[in-house]
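Q: this one's structure only:
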């Protein structure tokens, strides 16, 4: 007689009811693994969670599996390592490379912010401290163990898994996990059916239990061409005699913008305006597209086109010189949700002039400066000071790297059979609820919206 499999618990330690801090603990009687290890961003009450100890005995944690290298999926790793975790961190090879760039940039920003806060006296903490440093990142990276997509990896007698390409960013993958005879799929972040740089996501064939992101579960992306949308904003700003500032994510979004802008310049659809790329992380990630040719849809020529006639800014002193240059220009700078990085210096200088334009090109989480701009804030707090928002604020929705509701439903319909249970995570409440209703109404599948900290036994 075959014994009944023992219970398996899923506990959502982040990315539940929010789009940040993704962490899912999968636990059996003997072992446990963590799917993603993200940093909380946005609202203060979420950011404060980064300073709380996770309810995990790190000595009992067997492995961490990363779906991709975005900060909200990998940015908490150095904290766990600092706290004593020394087990493997599994990822694809491009994800490891992206993650190292992301983590080093995150550590540098935290160290710089703490220094500035202490010098400016605007922190409530005395002294202000970074959550982690570059030295902590140095200890984290040797733990990485990379695997090809489709390669099954045995962690122990309870867990084995493989990566499948998810089409979100360079190296991104969803995770197929086999545990106690059960088949789990963790989507991570899923890309779109017709992405600009990536190949579309591959399909999961079987999933007894599916954890699905719901970032854009309540909306559809613009059907407009990103070339046309971007050209209109560039030309409009140029005609005003202003400067176009584009807060950008360093991974994929900066590369999409460079490809689009240089193509538009070559076609003479926009004037030959100087383009400044002021995100050291974005510069480094762009080089990875040449190193990992089989992980995206671009040709070598298109990869080289991205950086053609682009003024690359690495040092902060160069940032100050760009600010002093007169005349129209396009500035692409991190961070994408205006939570930190070089874009803050440009906004502090340029926000108060109506001839300038700030173009938002990605998801803006609640509590971020990007979301404040998106919703019409009249002023923005930067480095302890308030700045009037007189610049024109624009947003285009055709560049998202997340699948929208139609894309997610398209992906789900390729499963061979209905899952026993779908868990929705990585979405604001409204987005998750809309997707839950869509799945139950059209597919008839049981859907639960994951709650933060709650354990679900399957």
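A: Yes, it's here. Keep in mind it's a predicted model, so treat the numbers as computed, not measured.
Q: strands of the stretch 201-350 of the chain, start to end?
A: For the stretch 201-350 of the chain, applying DSSP state E, counting those that start in this stretch gives strands covering 209-213, 244-247, 275-278, 310-312, 330-333.
Q: in CSV: those, plus mean neighbour count and mean pLDDT.
A: C-betas here are computed from N, CA, C, even on glycine. Compiled in CSV, these are given as follows (neighbours: other Cβ atoms under 10 Å; pLDDT from 0 to 100):
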stretch, mean neighbour count, mean pLDDT
strand 209-213, 26, 98
strand 244-247, 28, 96
strand 275-278, 24, 92
strand 310-312, 16, 88
strand 330-333, 26, 95
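Q: so which of these gets nearest residue 193?
A: strand 209-213 (15.4 Å; Cβ to Cβ).
Q: give the pairing partners of that closest one; include direction for each.
A: strand 182-186 (parallel), strand 421-425 (parallel) (DSSP bridges).
Q: so which of these is the most surrounded?
A: strand 421-425 (a mean of 24; mean count of other Cβ atoms under 10 Å).
Q: who touches it?
A: 10, 12, 15-16, 22, 24, 209-214, 217, 432, 435-436, 439, 445-450, 456, 458 (Cβ atoms under 8 Å, 6 or more residues apart in numbering).
Q: quick check on those: which are buried?
A: 10, 12, 15-16, 22, 24, 209-214, 217, 432, 435-436, 439, 445, 447, 449-450, 456, 458 (16 or more other Cβ atoms under 10 Å).
Q: restricted to helices, list those residues.
A: In helices, defined here by DSSP state H, the members of the buried ones among the contacts of strand 421-425 are 432, 435, 436, 439.
Q: any chance of a markdown table for the residues you listed, columns pLDDT and distance to residue 420?
A: Compiled in a markdown table, those are given as follows (pLDDT from 0 to 100; distance: Cβ to Cβ, whole Å):
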| residue | pLDDT | distance to residue 420 |
| --- | --- | --- |
| 432 | 98 | 19 |
| 435 | 98 | 18 |
| 436 | 98 | 16 |
| 439 | 98 | 14 |
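Q: what's the closest of the residues you listed to residue 184?
A: When those are compared against residue 184 (criterion: Cβ to Cβ), the nearest one is residue 439, at 17.4 Å.
Q: the closest one reaches residue 449, doesn't it?
A: No: counting by Cβ atoms under 8 Å, residue 439 stays clear of residue 449, with 10.9 Å between them.
Q: just give the number of residues close to the nearest residue to residue 230 once chain neighbours are set aside.
A: Excluding the flanking residues, the one nearest residue 230 by Cβ to Cβ, 6 or more residues apart in numbering is residue 260, at 5.3 Å. Using other Cβ atoms under 10 Å, residue 260 has 23 neighbouring residues.
Q: with residue 416 instead?
A: For residue 416, using other Cβ under 10 Å, the count is 9.
Q: correct me, but it touches residue 208?
A: No: using Cβ under 8 Å, residue 416 makes no contact with residue 208, being 11.4 Å away.
Q: grab the longest helix from the chain for me.
A: Ranked by residue count under DSSP H, the longest helix found in the chain is helix 93-120.
Q: end-to-end on stretch 208-220?
A: Taking Cα to Cα, to the nearest Å, stretch 208-220 runs 27 Å from one end to the other.
Q: quick one: distance of that stretch to the chain centre.
A: Taking Cα atoms, centre = their mean, to the nearest Å, one finds stretch 208-220 lying 15 Å from the centre of the chain it belongs to.
Q: same deal with stretch 306-321?
A: 23 Å.
Q: one more: stretch 183-191?
A: Worked out by Cα atoms, centre = their mean, stretch 183-191 lies 15 Å from the chain centre.
Q: can you check stretch 73-92 too?
A: 17 Å.
Q: and the next element down the chain from the longest helix of the chain?
A: For helix 93-120, the following helix or strand on the C-terminal side (DSSP states H and E) is helix 134-140.
Q: pLDDT of that next one, averaged?
A: Mean pLDDT, computed over helix 134-140, is 97.
Q: partners of the helix or strand just after it in the sheet?
A: Downstream of helix 134-140, the first helix or strand assigned by DSSP H and E is strand 144-146. Applying DSSP bridges to the sheet, strand 144-146 is found paired with strand 89-91 (parallel).
Q: thinking again about what came up before, turn the strands paired with strand 209-213 into TSV, including distance to residue 313.
A: Rendered in TSV, the data for the strands paired with strand 209-213 read as follows (distance: least, Cβ to Cβ, whole Å):
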stretch	distance to residue 313
strand 182-186	37
strand 421-425	36
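Q: next one: phi and psi at the closest residue to residue 173 other than its chain neighbours?
A: Using Cβ to Cβ, 6+ apart and skipping the chain neighbours, the partner closest in space to residue 173 is residue 163 (3.7 Å). With angles defined as degrees, to the nearest 10, residue 163 sits at phi -90, psi 140.
Q: what sits against residue 163?
A: Contact analysis of residue 163 by Cβ under 8 Å, 6+ apart lists 92, 147, 148, 149, 150, 151, 173, 174, 175, 176.
Q: which among these count as buried?
A: For these, buried by 16+ other Cβ under 10 Å: 92, 147, 149, 173, 174, 175, 176.
Q: element containing the fifth one?
A: What it means is residue 174. strand 173-179.
Q: in its sheet, what does that strand sit against?
A: Its sheet considered, strand 173-179 pairs with strand 159-165 (antiparallel), strand 182-186 (antiparallel) by DSSP bridges.
Q: including mean pLDDT and distance to residue 309, could the ones you listed go into TSV?
A: Shown next, in TSV, are these (pLDDT from 0 to 100; distance: least, Cβ to Cβ, whole Å):
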stretch	mean pLDDT	distance to residue 309
strand 159-165	98	32
strand 182-186	97	41
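Q: out of the ones you listed, which comes closest to residue 350?
A: Using Cβ to Cβ, the strands paired with strand 173-179 put strand 159-165 closest to residue 350, at 38.9 Å.
Q: turn the buried ones among the contacts of residue 163 into a markdown table, including pLDDT and distance to residue 303.
A: Below are the buried ones among the contacts of residue 163 laid out as a markdown table (pLDDT from 0 to 100; distance: Cβ to Cβ, whole Å):
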| residue | pLDDT | distance to residue 303 |
| --- | --- | --- |
| 92 | 98 | 19 |
| 147 | 98 | 25 |
| 149 | 96 | 21 |
| 173 | 98 | 21 |
| 174 | 98 | 25 |
| 175 | 98 | 28 |
| 176 | 98 | 30 |
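Q: what's the spatially most central residue of the chain in contact with, if anything?
A: With distances taken as Cα atoms, centre = their mean, residue 70 lies nearest the centre of the chain, 3.8 Å away. Residue 70 sits next to 38, 102, 169, 189, 249, 251 when contact means Cβ under 8 Å, 6+ apart.
Q: quick check: of those, which lies closest to residue 275?
A: residue 249 (16.9 Å).
Q: burial measure for the residue nearest to the closest one when sequence neighbours are not counted, as a count.
A: Among residues not flanking residue 249 along the chain, residue 336 sits closest, at 3.5 Å (Cβ to Cβ, 6+ apart). Residues within reach of residue 336, counting by other Cβ under 10 Å, total 28.
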